[in-house]
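Asker: Attaching a predicted model along with its sequence, questions to come.
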Amino acid sequence: MAGLKKRVLAIDIGNSNIVLGLFEGEKIKWVKRVVTDRGLRFLKNIRLKSVDGIAVASVVPALDSPLKRLLKKKFGLKTLFVSSRIRLPIRLKVKRPSQVGADRIANAVAAYKIPPGPPFSKGGVIVIDFGTATTFDVISEKGDYLGGPIAPGIGIANAALHEKTAKLPLVRITRPPRVIGRETRECIQAGVLYGYAGLVEGLIARIRKEYGKKMRVIATGGLAPLIVCECCSIQDVDSFLTLRGLKFIYEYNV
């Protein structure tokens, strides 16, 4: 019916969490985050009267087939799974496009096409997604996806420090009162948080130097707010960037 806003369900399936966003027109009506292991059960019981379209970015292949069946049964719709094989408004200028993660594609599309995109993105864009892994996606001002580094996520680094040592505890990742920690918990927090901020700042500087221009930097992901406070090179934070990219890609393909 003319005038009605389409309801699009965007689903971002990560290694640790599944994030769902329901769009009505351009607005996100609600967002839900669940642990990945419980995701299918949550979706089975989710109370939505109807949706007009579904787009999924998944980095967990084992969930793809059961999710497709579940969504088809629940909503009677074919789900759009994002990959290099579908129509995209950007070009994947990498050696093996099929290896680019669906979440990275969605982030790149959102950063390039959704305001403040071009012309504000003149010089190119770097998207940093702070999740289980931390990914850096580089998009040129012409809309070419050029790849980017992948680093262990801050949660992985923190857990590994505990699991690979005999006495170091697992700590809550938060801003410590000082860099020079005066007890073990503070020492670990300082090393993990400020050390990770240094990693992020260093990679941004190296990307900009290699690319040859000062690029705009956008952060997303569950841990973004924690890290961004310690990084002066990040201009924008958008917690829903991946979901926005999924919605845009869905509309680009219908």
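Answerer: Looks like it arrived, so ask away.

Asker: In the protein, which residue sits furthest out from the middle?
Answerer: Residue farthest from the centre of the chain, counting by CA atoms, centre = their mean, is Arg182 at 34.8 Å.

Asker: next one: phi and psi at that one?
Answerer: Phi and psi for Arg182, reported as degrees, to the nearest 10, are phi -110, psi 0.

Asker: Same check on the one 10 residues further on?
Answerer: Phi and psi for Val192, reported as degrees, to the nearest 10, are phi -70, psi -50.

Asker: how close does the nearest residue to it once chain neighbours are set aside get to Ser84?
Answerer: Leaving aside its sequence neighbours, Val192 sits nearest to Asn158 (CB to CB, 6 or more residues apart in numbering; 5.1 Å). Every C-beta, even on glycine, is put in place using the N, C-alpha and C of the backbone. Noted for Asn158: a distance of 32 Å to Ser84, by CB to CB, to the nearest Å.

Asker: Neighbour count for those two, which is higher?
Answerer: Using other CB atoms under 10 Å as the criterion, Asn158 and Ser84 rank with Asn158 on top: 21 against 15.

Asker: got a list of what the more buried one touches?
Answerer: Counting by CB atoms under 8 Å, 6 or more residues apart in numbering, Asn158 touches 170-171, 173, 188, 192.

Asker: residue ranges for the helices of the protein, please.
Answerer: 39-45, 61-75, 102-113, 154-163, 184-211, 224-228, 241-252 (DSSP state H).

Asker: Now render those as JSON lines, adding distance to Asp129 and mean pLDDT.
Answerer: Shown next, in JSON lines, are those (distance: least, CB to CB, whole Å; pLDDT from 0 to 100):
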{"stretch": "helix 39-45", "distance to Asp129": "18", "mean pLDDT": "88"}
{"stretch": "helix 61-75", "distance to Asp129": "19", "mean pLDDT": "94"}
{"stretch": "helix 102-113", "distance to Asp129": "6", "mean pLDDT": "96"}
{"stretch": "helix 154-163", "distance to Asp129": "12", "mean pLDDT": "94"}
{"stretch": "helix 184-211", "distance to Asp129": "12", "mean pLDDT": "96"}
{"stretch": "helix 224-228", "distance to Asp129": "8", "mean pLDDT": "90"}
{"stretch": "helix 241-252", "distance to Asp129": "7", "mean pLDDT": "97"}
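
Asker: Tell me which of the ones you listed sits most buried.
Answerer: Of all those, helix 102-113 carries the top mean neighbour count, a mean of 26, counting by mean count of other CB atoms under 10 Å.
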